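**Student:** This is a predicted model, with the sequence first.
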Amino acid sequence: MVGGALPGPLARALDEVGVSAERVRSLPRPGGEPLWVVPIEPLVSEEAWKGLRDRARETGHWPVLTRDVAQDLDDAAEPVAAVLARANAIEPAAWFRARRASDPEYYDGVERGTWDDALGAYEGGRFTVVDDPGPHDGPLELLLVPTNDPAEVFAHLDWGGWNECPLPEEHVALHRAWHARYGAELVTLSRDVVEMVVLRPPRGEAACMELADEQFLYTGGDLVYQGTEELARLAHGLDSARTWFFWWD
């Protein structure tokens, strides 16, 4: 173990889900508790994530599967409390309106398509960070973040704020809203990918088109313009889907 003693509840939880803590290391964060990182094998990673997710209230730590985020952390990052304070002031509906208004020609020019003609954009259930790493990605790791609110992970990691990727506080606010509405929870995170499980996915055209529009705006258009090509195809893929995928260029 590197960097101090693992908290007792967290050590017990790792043991209960069959993850060895022998190579765990801590990563200090400005103005907050440290993060904990432990190597994990892909074959057992999703079951371990589920077990640690179910114990998050007991341990006070949210599990995240990653291959590169721990290496990219900035020691000069802003304190978590400051990011969360700004997140509390963001109203998601107003944020989406402002995002569209920032470039109406770009966002309003998207091909909407029709629900009846749309084919599913993707099949859920598979996490690319686990199963399909890029050529420059490192080994899979389990990141244990000191919060039981998955939306707050973005604040602890100071994640976002490049190109059209939202700022950390914006991620927090939007993911809190999606968690409340759909039970959406963060599972994996890489330099440019976010993947989630969804406990209460939307069903039907109206609900799925509304969510597809939000996700289109959230990803700065990339999810459609560089992915599904039509908004209705994205919406069709969200219908009853138990996983979500986000990517920024």
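**Tutor:** That came in fine, so what should we check first?

**Student:** which residues are in contact with whatever helix or strand Leu217 lives in?
**Tutor:** Using DSSP states H and E, Leu217 maps to helix 205-218. With Cβ atoms under 8 Å, 6 or more residues apart in numbering as the test, helix 205-218 has contacts from 96, 99-100, 107, 110, 115, 166, 174, 182, 202, 223-224, 231-232, 234-236, 238-239, 244, 246. The C-beta positions use only the backbone N, C-alpha and C, and glycine is treated the same way.

**Student:** roughly how far out does that helix sit from the chain middle?
**Tutor:** 17 Å (Cα atoms, centre = their mean, to the nearest Å).

**Student:** Stretch 146-164 now?
**Tutor:** Using Cα atoms, centre = their mean, the offset of stretch 146-164 from its chain centre is 8 Å.

**Student:** Next, the buried residues of it.
**Tutor:** Buried residues in stretch 146-164, counted by 16 or more other Cβ atoms under 10 Å: 146-147, 149-160, 164.

**Student:** need the next SSE after the lowest-mean-pLDDT helix or strand in the chain, C-terminal direction.
**Tutor:** Here the helix or strand of the chain ranked lowest by mean pLDDT, DSSP states H and E is helix 69-72, holding a mean of 72. For helix 69-72, the following helix or strand on the C-terminal side (DSSP H and E) is helix 80-88.

**Student:** Does anything pack onto that next one? Which helices or strands?
**Tutor:** Secondary-structure packing of helix 80-88 (3 or more Cβ pairs under 8 Å, 6 or more residues apart in numbering; DSSP states H and E): helix 153-157, helix 168-182.

**Student:** Can you tell me which of those is most buried?
**Tutor:** Most buried of these, by mean neighbour count (mean count of other Cβ atoms under 10 Å): helix 153-157, with a mean of 27.

**Student:** For that helix, name the packing helices and strands.
**Tutor:** Partner elements for helix 153-157 (3+ Cβ pairs under 8 Å, 6+ apart): strand 32-39, helix 80-88, strand 141-145, helix 168-182, strand 184-189.
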